[in-house]
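K.L.:
predicted model and sequence below, questions to follow.
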Amino acid sequence: MITVNVKLFGPLKDILHADEVKVNVSPPYNGEAAFNALAEMYPELRAWKSSVRLAVNLEYTSFDRTLTSGDEISFIPPVSGG
Amino acid sequence: MVSITTDPIDVASIYQAVQSVHAGGIVLFAGTVRNRSQGRRVNALEYSAYIPMAEKLMAAIEEQMRAQWPLHHVVLVHRVGMLALGEVAIVTAVAAAHRKEAFEACRFGIDRIKAEVPIWKKEHFEDGQEWVVGRDDADTPMT
């Protein structure tokens, strides 16, 4: 089991009522496992799975990216800046 | 130069910052808060960002602009927090020798920021609030 810090923004922040949450991730220790662990705690997140992008340590990456304990990750909802 | 700021954006000072005797053309885009969205009256827009990631991606966009066009100066700045109608949310400004590269680079900069950079807007209406996600007018990500 590893633990990662998940930063929350926009609509996801409103769902969890938090800026940040620690999540324990089981094998295969990747982005998808982290999302599933979080969605287990907050089922409302499931609807976002197909539209969020994974960021690990400030970089976009794919959901199969392997995570390391202490990584800062975020599930980035569709952006709307500008 | 890129930044995310909570302060009002001073368009005139950004124009000054990109001015150069080497530049024959300056293109400055300012994105401002509009009073209507999807037929509803907007009172204010609230912007939030994943600031360290947003600044990192904006710096990468500046690098891409400079790699693709010969530019003398580039300023990309986005404001976060609560913005009133008419206020400036974003400025992308470039100075180049000629107008063609200035227009193209400026357009590229604003389009990439809107598509890639982790910044979100929430519309505040008379009767509620709504995050803007997945609207048709949003650009598709490059990657």
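P.N.:
Yep, it's here.
K.L.:
ok, now which ones touch residue B:25?
P.N.:
B:95, B:96, B:97, B:98, B:99, B:101, B:102, B:103 (CB atoms under 8 Å, 6 or more residues apart in numbering or on different chains). The way it works is simple: take the backbone N, C-alpha and C, and place the C-beta from them, glycine included.
K.L.:
with adjacent residues omitted, what lies nearest to the first one?
P.N.:
When you say that, I think you mean residue B:95. In space, and not counting its chain neighbours, residue B:95 is closest to residue B:23: 3.7 Å by CB to CB, 6 or more residues apart in numbering or on different chains.
K.L.:
state the distance from the residue of chain B found nearest chain A to residue B:97.
P.N.:
Of chain B, the residue with the smallest distance to chain A, taken as CB to the nearest CB, is residue B:119 at 3.0 Å. Per CB to CB, to the nearest Å, residue B:119 is found 31 Å from residue B:97.
K.L.:
compare these two (neighbour count), which wins?
P.N.:
Using other CB atoms under 10 Å in any protein chain shown as the criterion, residue B:119 and residue B:97 rank with residue B:119 on top: 28 against 16.
K.L.:
which SS state does the residue nearest to that one when sequence neighbours are not counted fall under?
P.N.:
Once flanking residues are discounted, residue B:119 sits nearest to residue A:81: 3.0 Å by CB to CB, 6+ apart. Secondary structure, DSSP: H, G, I helix; E, B strand; the rest coil: residue A:81 is coil.
K.L.:
I'd say residue A:81 and residue B:48 touch.
P.N.:
No - using CB atoms under 8 Å, residue A:81 makes no contact with residue B:48, being 9.6 Å away.
K.L.:
now do the shared contacts for these two.
P.N.:
B:119, B:120.
K.L.:
of these two, who's got more company?
P.N.:
Shown here are residue A:81 and residue B:48; by other CB under 10 Å, residue A:81 has more neighbours (27 against 18).
K.L.:
gap between the nearest residue to residue B:32 once chain neighbours are set aside and residue A:82?
P.N.:
Nearest-residue entry for residue B:32: residue B:88, 5.5 Å, with adjacent residues in sequence omitted and distances by CB to CB, 6+ apart. Residue B:88 sits 11 Å away from residue A:82, going by CB to CB.
K.L.:
over to residue A:50?
P.N.:
Taking CB to CB, one finds residue A:50 at 23 Å from residue A:82.
K.L.:
and those two? Which one has more around it.
P.N.:
residue A:82 (20 against 6).
K.L.:
what bridges to the spatially closest residue to residue A:68 that is not a sequence neighbour?
P.N.:
Closest residue in space to residue A:68, ignoring its immediate chain neighbours: residue A:2 at 6.8 Å, by CB to CB, 6+ apart. Beta bridges link residue A:2 to residue A:25, judged by DSSP bridges.
K.L.:
what about residue A:2, neighbour count?
P.N.:
With other CB under 10 Å as criterion, residue A:2 counts 17.
K.L.:
that one contacts residue A:73, doesn't it?
P.N.:
No - using CB under 8 Å as the test, residue A:2 is too far from residue A:73 to be in contact (11.1 Å).
K.L.:
joint contacts of these two?
P.N.:
residue A:67.
K.L.:
related to what we said a few turns ago, pLDDT at the residue of chain B closest to chain A, what is it?
P.N.:
For residue B:119, the model assigns a pLDDT of 98.
K.L.:
I figured it hits residue B:53, correct?
P.N.:
No - judged on CB under 8 Å, residue B:119 makes no contact with residue B:53 at a distance of 9.8 Å.
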